[in-house]
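>>> model this:
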Amino acid sequence: MDDLVTAISKDIESEGAKVENIDNMGRKDFAHAPRKIEGAHYVTYTLSGEPECISRIRAKLSLNNSVYLNQFNRVA
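Now for the predicted structure:
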């Protein structure tokens with residue numbers, strides 16, 4: 001799991017964003033099991049970057065089979 005977290009962090013930085021914090025919250029089960037997946041590891045990346053690099057990161061994460069869901073929140 002740590003290798004995947006590091007690889008995603010490098011992918012984020014390769015797109016021009018700066019990773020400020022990584023919070024690995026561990027594995028948790030889903031309340032509802034979509035697609036027969038029981039649970040997942042939750043990791044929160046705090047990053048900063050231009051809007052263009054965020055859209056490239058989102059596209060790159062959507063192609064990664066190890067990433068089930070991703071969500072971006074803008075903090076002013």
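>>> name the helices or strands packed onto the lengthiest strand in the chain?
For the chain, the strand reaching the highest residue count under DSSP state E is reported as strand 18-29. Under the contact definition 3 or more CB pairs under 8 Å, 6 or more residues apart in numbering; DSSP states H and E, strand 18-29 sits against helix 2-14, strand 39-48. All C-beta atoms are positioned from the backbone trio N, CA, C, and that covers glycine.
>>> repeat that for 6 Å
Packing partners of strand 18-29 (3 or more CB pairs under 6 Å, 6 or more residues apart in numbering; DSSP states H and E): strand 39-48.
>>> The strand it packs on vs strand 18-29, what angle?
Taking axes from the mean of the first three to the mean of the last three CA atoms, to 10 degrees, one finds strand 39-48 and strand 18-29 inclined to each other by 160 degrees.
>>> Going by neighbour count, which residues of strand 39-48 are buried?
Of the residues in strand 39-48, those scored as buried under the neighbour-count criterion (16 or more other CB atoms under 10 Å) are 43, 45, 47.
>>> quick one: contacts for the last one?
When contacts are counted by CB atoms under 6 Å, 6 or more residues apart in numbering, Leu47 is found next to 12, 17, 19.
>>> cool, Val5 as well?
Shown here is Val5, whose contacts under the criterion CB under 6 Å, 6+ apart are Val43.
>>> hmm, try it at 8 Å
For Val5, the contact set (CB atoms under 8 Å, 6 or more residues apart in numbering) comprises 22, 24, 43.
>>> closest to Ala33 among the residues you listed?
Nearest to Ala33 among the contacts of Val5 is Val43, at 20.0 Å by CB to CB.
>>> Quick check: the nearest residue to that closest one once chain neighbours are set aside vs Asp3, distance?
Closest residue in space to Val43, ignoring its immediate chain neighbours: Asn24 at 5.1 Å, by CB to CB, 6 or more residues apart in numbering. According to CB to CB, to the nearest Å, Asn24 stands 12 Å off from Asp3.
>>> Neighbour count for those two, which is higher?
With neighbours defined as other CB atoms under 10 Å, Asn24 and Asp3 compare such that Asn24 has more, 13 against 7.
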